[in-house]
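# A predicted structure for the sequence below; I have some questions about it.
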Amino acid sequence: MSFDRRVFEAKGYLVVPGFVDLHTHLREPGFEDSETIETGRRAALRGGFTTICAMPNTEPAVDSPGLLKELIGRGHDVGGARVLFVAAITRGRKGRELADMVELAQAGAVAFSDDGSPVEDARLFRSALEYARASGRPIIEHAQDLALSAKGVMHEGSVSARLGLPGMPAAAEEAAVARDLALARLAGARLHLTHLSTAGSVELVRHAKADGESVTCDVTPHHLAMTDEWVAGSRAFAWEGEDRAPRGVPYDSSTKVNPPLRTRADVRALWAGLEDRTVDAIATDHAPHSSVKKDVEFDQAAFGISGLESALALVLGGVRAGWAPLETVIDALTTGPARALGIDRPEGDWVVIDRDAEWMPRADELASKGKNTPLIGRTLIGRVVATVVAGEVRYEGVVGVAEAISRR
Ligand SMILES: [Zn+2]
């Protein structure tokens, strides 16, 4: 079945290049009850992502060329989206000694990250940046001052005070961003700051870019759409009024994510960053968890939202509200992340979108094993109709699409 975009455009669908996700958790090896390479790649296609970057916080961590090569091989064996692998910066992601970064790059690592466990030792992080520069790969950094955010389970602010939950202040992210920018400048390395969530972080990157620094960054769909009020039971997107939106329940662990959902002012700042290209990419931080890790008390639950399949609808909501142009958002899902990784966007990857389709995520219909999203049962607008990898239709989300193609 070959793909002709004109057939879809004639039907009123939007056809754009396949999305590239800089930040996906596939959980294999070690946590296959939460996700596998295969289920994650199918979930990616449903979300319009044709290339995804798997994070190395598996068990064992992806810190050796042998394991990396094995995973690359497994990635070739199953269908779905293309998968690239991010290797660990330090052995076991423990932050004590560097992994064999040059060998990992030679074995096919697309970037380096200790995501979830930021490298606290500034001297070690400096040498990691130097090795990354030598190997021609970026460091994807999860910026968080662990001492400042310790024990926090949500954004520190008026909502956390009301709910009586320990908070993570915005400064825990911003202090780490400032440090990371200073070290990247010192090392002359390419730094990519992932899942920035605060207005202050975006402002720091804006200044660094104005100074000509080699820094890129991404934000997630959930930080673009939801505020910390969601932890208190709101289900109003940042661009909606509370009165018109449905309500959820407070302390729902599916709203627990790191970095945490922030304030509406932070959300607006992320959109402003997209609009002026301070923010290069939208990355999902797709973090599937099995129910045993999520269906527990809020403060005990694992951090993370299963995000691949709802990403597009969330960002289209902001576009509809006029918070950024469609082209900007599509760029942040396609060329922006490819540029941040220093890769060419693969040819022949397309996603067909129905911008007006209303749908509702249902746990049993998600391809991901991770059902941990506060969007279950929430009406969303905008859906992937078909996803094409290397000219081949690998996902069809709407009845009749195959017919349209086979008529060609
Ligand atoms: Zn992270």
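That came through fine.

# wait, residue 30 touches residue 58, no?
Yes - taking C-beta atoms under 8 Å as the definition, residue 30 is a contact partner of residue 58 at 4.8 Å. Any C-beta I mention is one placed from the backbone N, CA and C, and that applies to glycine too.

# which neighbours do those two have in common?
Shared contacts of residue 30 and residue 58 (C-beta atoms under 8 Å, 6 or more residues apart in numbering): none.

# so between these two, which is more surrounded?
For the pair residue 30 and residue 58, the greater number of neighbours falls to residue 58 (21 against 12), based on other C-beta atoms under 10 Å.

# the ion contacts on the stretch 101-250 of the chain?
Contact residues (C-beta under 5 Å from the ion) of the stretch 101-250 of the chain with the ion: 115, 142.

# let's go with 8 Å and repeat that
115, 116, 142, 144, 194, 195 (C-beta under 8 Å from the ion).

# can you name the residue of the stretch 101-250 of the chain nearest the ion?
Proximity of the stretch 101-250 of the chain to the ion (C-beta to the ion) peaks at residue 142, 3.6 Å away.

# which residue packs closest to residue 113, ignoring adjacent ones?
In space, residue 113 comes closest to residue 140 once its chain neighbours are excluded; the distance is 4.0 Å by C-beta to C-beta, 6 or more residues apart in numbering.

# burial of that neighbour, as a residue count?
Count around residue 140 with other C-beta under 10 Å applied: 30.

# tell me what it is bridged to.
residue 192 (DSSP bridges).

# my guess is it contacts residue 114, does it?
No - applying C-beta under 8 Å as the test, residue 140 and residue 114 come out as separate, 9.3 Å apart.

# for the stretch 151-300 of the chain, just list every one of the helices.
Listed in chain order, the helices of the stretch 151-300 of the chain (DSSP state H, counting those that start in this stretch) span 158-163, 170-187, 199-210, 221-225, 264-275, 291-294.

# deepest of those, which one?
helix 221-225 (a mean of 26; mean count of other C-beta atoms under 10 Å).

# hmm, back to that, dump the helices of the stretch 151-300 of the chain into JSON lines; add mean pLDDT and distance to residue 365 as well.
Compiled in JSON lines, these are given as follows (pLDDT from 0 to 100; distance: least, C-beta to C-beta, whole Å):
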{"stretch": "helix 158-163", "mean pLDDT": "98", "distance to residue 365": "31"}
{"stretch": "helix 170-187", "mean pLDDT": "98", "distance to residue 365": "34"}
{"stretch": "helix 199-210", "mean pLDDT": "98", "distance to residue 365": "34"}
{"stretch": "helix 221-225", "mean pLDDT": "98", "distance to residue 365": "18"}
{"stretch": "helix 264-275", "mean pLDDT": "98", "distance to residue 365": "27"}
{"stretch": "helix 291-294", "mean pLDDT": "90", "distance to residue 365": "16"}
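
# for those, which one sits closest to residue 97?
helix 170-187 (17.5 Å; C-beta to C-beta).

# helices or strands up against that closest one?
If you count contacts as 3 or more C-beta pairs under 8 Å, 6 or more residues apart in numbering; DSSP states H and E, helix 170-187 packs onto helix 122-135, helix 146-149, strand 191-193, helix 199-210.

# give me the phi and psi angles of the most centrally placed residue in the chain.
Nearest residue to the geometric centre of the chain (C-alpha atoms, centre = their mean): residue 284, 2.1 Å. When read as degrees, to the nearest 10, the backbone of residue 284 gives phi -80, psi -30.

# so what's the closest residue to it other than its chain neighbours scoring on pLDDT?
Leaving aside its chain neighbours, residue 284 sits nearest to residue 307 (4.1 Å; criterion: C-beta to C-beta, 6+ apart). Here the pLDDT value assigned to residue 307 is 97.

# I'm done for today, thanks for sticking with me.
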